[in-house]
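Q: Predicted coordinates and the sequence they were generated for:
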Amino acid sequence: MIDWFLLGVIAMASFTASLFFFRFWRETRDFLFLAFALAFLIEGACRTSMLLTRHPNEASPWIYVVRLVGFLLVLGAIVNKNRSRSA
């Protein structure tokens, strides 16, 4: 029972962080903020999908693939920001 509660707390925190980063992106139009917003949105959706399963399995490879997409999105935005700054 406490595991599901903590999964819900993490999902809610991820969605909240996503909303903050969307607001920052809307004000600045900086792609890095959009990447962070999407990464937190993906993480929140991943945690929510774990909540909806009967037996959440953190060791499932699909969960790690979804999280990898979010992290690669942020990494790509960081590389893009540093490349545009040096040009």
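A: Perfect, thanks for sending it. Please read these numbers as outputs of a predicted model, since none were measured by experiment.

Q: Need the three-state assignment for residue 57.
A: coil (DSSP: H, G, I helix; E, B strand; the rest coil).

Q: Need phi/psi at residue 55.
A: Dihedral angles of residue 55 (phi, psi; degrees, to the nearest 10) stand at phi -130, psi 90.

Q: what's the answer for residue 58, then?
A: According to degrees, to the nearest 10, residue 58 has phi -70, psi -20.

Q: contacting residues for it?
A: By CB atoms under 8 Å, 6 or more residues apart in numbering, residue 58 lies in contact with residue 50. Quick note: C-beta positions are derived from backbone N, CA and C, even for glycine.

Q: got a pLDDT number for it?
A: You'll see residue 58 listed with a pLDDT of 75.

Q: So it versus residue 79, what's the distance?
A: Remark: distance between residue 58 and residue 79 (CB to CB, to the nearest Å) = 29 Å.

Q: Tell me the secondary structure at the nearest residue to residue 10 once chain neighbours are set aside.
A: Nearest residue to residue 10, sequence neighbours excluded (CB to CB, 6 or more residues apart in numbering): residue 47, at 5.1 Å. Secondary structure assignment for residue 47 (three-state DSSP): helix.

Q: quick one: residue 47 and residue 11 touch, right?
A: Yes. Counting by CB atoms under 8 Å, residue 47 does reach residue 11; the two are 3.8 Å apart.

Q: how many other residues sit next to residue 68?
A: 11 (other CB atoms under 10 Å).

Q: Contact partners for the residue nearest to residue 10?
A: Applying CB under 8 Å, 6+ apart, the residues near residue 47 are 7, 8, 10, 11, 14.

Q: what helix or strand is residue 50 on?
A: Secondary structure assigned from DSSP states H and E places residue 50 in helix 31-52.

Q: Next: residue 63.
A: helix 61-86.

Q: got the angle between that helix and helix 31-52?
A: Calculated by axes from the mean of the first three to the mean of the last three CA atoms, to 10 degrees, helix 61-86 forms an angle of 170 degrees with helix 31-52.
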